[in-house]
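> Just need the structure, nothing else, for what follows:
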Amino acid sequence: MKVIFLTDVKKQAKKDEIKDVKDGYATYLINNHLAVAYSAGSVNVLNKQVKQRQDEEDARIEECSKIRKKLEDKNVKFKVKTGEMDKVFGSISTKQISEELAKLGFDIDKKKIEVDSEINTLGTHKVRINLHKKVSFYINVILEK
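Residues are numbered from 1 along each chain as shown. Down below sits the predicted model:
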């Protein structure tokens, strides 16, 4: 019996996949709302849902690209306290970078900010921001006395 999977089923199929399975297993999948029976109507519904998800994804990518254009190669400055030989006390975290970007009007989650190494020296540091798996860019974080 042919079914359309509604969710990922481990070692069987991914969501929205159409697959032939044994009748007893198809009954189990349908009763547990893991799949629906294959028919012309269910295929049309599937195609509409896939198109709608794709349109939403494209809109999200477009929105992230706009934010990227505004923020790309921006400088975020931090005034830090230093000790002997200009050694910085502590380091700048992704949370602090996120808060500073919020002051500039950009609501970016700290989990989307990627720091390669600790930001604990004076000067300019490149920080990667991953807004979406297809949209990422760098900003400059500057530490000053």
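
> Is there a neighbour count for H125? I'd like the number.
Using other Cβ atoms under 10 Å, H125 has 21 other residues around it. Where C-beta positions appear, they are placed from N, C-alpha and C, glycine not excepted.

> Over to the one 5 residues further on?
Look at N130: counted by other Cβ under 10 Å, it has 15 neighbours.

> wait, is it part of a strand?
Yes. According to DSSP: H, G, I helix; E, B strand; the rest coil, N130 belongs to a strand.

> Run through who's touching stretch 36-45.
1-4, 6, 18, 26, 30 (Cβ atoms under 8 Å, 6 or more residues apart in numbering).

> what are the phi and psi values for the residue of the chain most remote from its centre?
Computed with Cα atoms, centre = their mean, the residue of the chain farthest from its C-alpha average is E84, at 40.5 Å. E84 adopts backbone torsions of phi -60, psi 140, taken as degrees, to the nearest 10.

> Retrieve the pLDDT associated with it.
Reported pLDDT at E84 in the predicted model: 81.

> cool, S93 as well?
S93 carries a pLDDT value of 89.

> next one: S98
S98 is assigned 91 on the pLDDT scale.

> That one should be in a strand, yeah?
No. According to three-state DSSP, S98 belongs to no strand; its state is helix.

> measure it to S65 for me?
Separation of S98 from S65 (Cβ to Cβ, to the nearest Å): 20 Å.

> domain assignment for the chain?
The chain resolves into domains spanning 2-66, 70-144 when parsed by automatic domain parsing.

> all strands of the chain, in order?
Counting by DSSP state E, one finds strands in the chain at the ranges 2-5, 18-20, 35-37, 75-79, 113-114, 123-132, 135-144.

> For K69, which of these is the nearest?
Of all the strands of the chain, strand 135-144 sits nearest to K69, with 9.0 Å by Cβ to Cβ.

> Burial check on K22, number of neighbours?
K22: 9 neighbours (other Cβ under 10 Å).

> Next one: it from V43, what distance?
K22 is 21 Å from V43, by Cβ to Cβ.

> same thing with K11?
24 Å.

> Just want to know which of these two has more residues nearby.
V43 (13 against 4).

> Which pLDDT value does the model give the more buried one?
According to the prediction, V43 has pLDDT 90.
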